[in-house]
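1. Got a predicted structure here, sequence first:
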Amino acid sequence: MKKIGLHSLLIALTMLVWPLTARINTALGRGAAATDHRERGDVPGWVMITLMSAVLVAGLLAVATPALEGLFNQAMDKVGK
C-alpha cells in the first residue's frame, strides 16, 4: 500500500473543502453578487484565520513529524516485545 505524504493530504483536503465552502457561501447569499459592497474586504476574516491556522499546523507538522515518528516507532517496538 502506498503511503500518503502530509503535503498530498493537505492538497486533497483543500480540494475537497474549497468547493464546499463556495457552495455554502452561494447558498447563504454571500456569492459574487453579495460581495459588491465597498465596505467589505477581498477576503473575509474567517477565511484568513482558517488559512493562517492551516499553514501554522502544516508548519508545525513539518518540523515535528520526524520526532513524532520516532516516538511512535519506539512505542510500537516496546509493545511488540
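-> Here it is on my side, so go on.
2. Quick check, pLDDT for Val63.
-> Reported pLDDT at Val63 in the predicted model: 91.
3. worst-scoring helix or strand of the chain, pLDDT-wise?
-> Lowest on mean pLDDT, DSSP states H and E among the helices and strands of the chain sits helix 6-27, with a mean of 67.
4. which element follows that helix toward the C-terminus?
-> helix 45-80 (DSSP states H and E).
5. other SSEs contacting that following helix?
-> helix 6-27 (3 or more Cβ pairs under 8 Å, 6 or more residues apart in numbering; DSSP states H and E). C-betas here are computed from N, CA, C, even on glycine.
6. please redo it, this time with the cut-off set to 6 Å
-> With contacts defined as 3 or more Cβ pairs under 6 Å, 6 or more residues apart in numbering; DSSP states H and E, helix 45-80 has no helix or strand neighbours.
7. Count the residues that sit near Ala67.
-> Per other Cβ atoms under 10 Å, the neighbour tally for Ala67 reads 9.
8. State the pLDDT value of it.
-> pLDDT recorded at Ala67 is 91.
9. check contacts around it.
-> Residues near Ala67 by Cβ atoms under 6 Å, 6 or more residues apart in numbering: none.
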